[in-house]
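*Asks:* Make a model of this:
(one chain, ligands or ions: 1)
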Amino acid sequence: MENLKLTMFYLGCLDCQYFRLVNCDDETRRYQSPISAILIQHPTLGNILYDTGNSPYSKRDYGAHINQIYPVKQFISIEEALASKGLTCGAIDRLIFSHLHFDHVGGLNYFAGTKAIKNVTVSRPELLNACESVFTGNHGAYVKKLFDVDGVVYKPIEGTVELAPDLTLFVQQSHTPGVIGLIVKTRTEGNLIFTSDAVYTQDSWNYLIPPGGNINKTTNEFFDNIQYLKELQKKYNATMIFGHDCDQIQEWSRKGTIE
Ligand SMILES: [Zn+2]
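*Replies:* Take a look at the predicted model:
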């Protein structure tokens with residue numbers, strides 16, 4: 001069988017306090033938290049995009065709270081990133097959202113009127129949580145207008161879903177009630193597991209340090225999920241790739257397209 005091709009896009013960064021990603025005592029320490037998306041060009045499934053980055057209108061649309069804590073420092077649109085591979089948003093067959101926070105769904109608007117917007121995979125617990133959050137006024141990191149775009153059709157999943165022998169989705173109950181991670185089998189880089197924001201950085205993983213602040217409801221969910229991920233890593237002998245790790249996202253986006 002032909003191999004899938006995988007490209008990590010670097011889509012700019014947020015400027016935030018480091019402890020919000022990896023707990024520490026120094027509240028003055030800053031971190032340039034990178035934004036990313038993954039393009040998978042699959043021989044049988046077509047073009048799949050995992051996350052879409054920020055909105056170009058963050059200042060206008062994100063609200064004072066998000067703009068204060070996670071201001072967008074650098075913005076690269078998903079449209080621009082796809083164009084660097086010779087693709088338009090109309091060439092994407094399916095979108096997968098790791099979760100519905102602003103820095104993952106902010107590019108959905110670029111897909112208005114495309115086939116991809118009618119085929120958006122999200123976890124059912126995440127969709128319910130995002131809707132409950134925005135409709136009860138406890139928005140947190142959800143911005144309704146970013147994920148409630150005209151014409152969007154969500155296809156909710158639960159548990160573990162094998163889309164193809166080389167591409168599996170799994171739902172994690174950490175960071176939010178339903179963060180989709182990816183298991184991807186590649187020819188040149190072996191098996192990769194993308195955790196998204198259930199684990200933000202390599203240091204969080206290596207030293208078992210949960211995020212600070214109030215993103216996780218309890219630190220237990222973080223540690224339970226780490227345990228689950230360790231088992232997956234062992235089972236697949238996989239390289240772990242985290243949601244907002246600066247060095248890792250720079251490194252993987254510089255690799256270009258891998259098979
Ligand atoms: Zn994020």
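
*Asks:* use CA for all of it now, contacts and neighbours both
*Replies:* Fine.

*Asks:* other SSEs contacting whichever strand or helix holds residue 156?
*Replies:* Assigned by DSSP states H and E, residue 156 belongs to strand 154-157. Using 3 or more Cα pairs under 8 Å, 6 or more residues apart in numbering; DSSP states H and E, the elements in contact with strand 154-157 are strand 120-123, helix 124-135.

*Asks:* what about that strand, average pLDDT?
*Replies:* For strand 154-157, mean pLDDT rounds to 98.

*Asks:* In its sheet, which strands sit next to it, and in what direction?
*Replies:* Applying DSSP bridges, strand 154-157 is found paired with strand 120-123 (parallel).

*Asks:* As PDB, could you dump the C-alpha coordinates of the strand it pairs with?
*Replies:* Only the C-alpha atoms of strand 120-123 are listed here, as PDB (Å, rounded to 0.1, in the frame of the first residue of the first chain):
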ATOM      1  CA  VAL A 120     -15.500  17.800  10.900                       C
ATOM      2  CA  THR A 121     -14.500  15.100  13.400                       C
ATOM      3  CA  VAL A 122     -14.600  16.000  17.100                       C
ATOM      4  CA  SER A 123     -15.100  14.000  20.200                       C
END
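
*Asks:* ok, back up a step: switch the helices and strands packed on strand 154-157 over to a markdown table; also include mean neighbour count, distance to residue 56 and mean pLDDT.
*Replies:* A markdown table is the format used below for the helices and strands packed on strand 154-157 (neighbours: other Cα atoms under 10 Å; distance: least, Cα to Cα, whole Å; pLDDT from 0 to 100):
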| stretch | mean neighbour count | distance to residue 56 | mean pLDDT |
| --- | --- | --- | --- |
| strand 120-123 | 24 | 21 | 98 |
| helix 124-135 | 18 | 21 | 98 |
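
*Asks:* before we move on, the earlier item: got a list of contacts for the strand holding residue 156?
*Replies:* Residues external to strand 154-157 that are found in contact with it (Cα atoms under 8 Å, 6 or more residues apart in numbering): 118-124, 127.

*Asks:* Stretch 29-44 too?
*Replies:* 2-19, 47-54, 78, 103-104, 243-246, 249.

*Asks:* sorry, back to before: what's the closest of the contacts of strand 154-157 to residue 234?
*Replies:* For the contacts of strand 154-157, the residue nearest residue 234 by Cα to Cα is residue 123; the value is 24.2 Å.

*Asks:* one step back: from the contacts of stretch 29-44, which land in strands?
*Replies:* Using DSSP state E, the members of the contacts of stretch 29-44 that fall within strands are 5-17, 47-50.

*Asks:* Show the buried residues in those residues.
*Replies:* 5-17, 47-50 (16 or more other Cα atoms under 10 Å).
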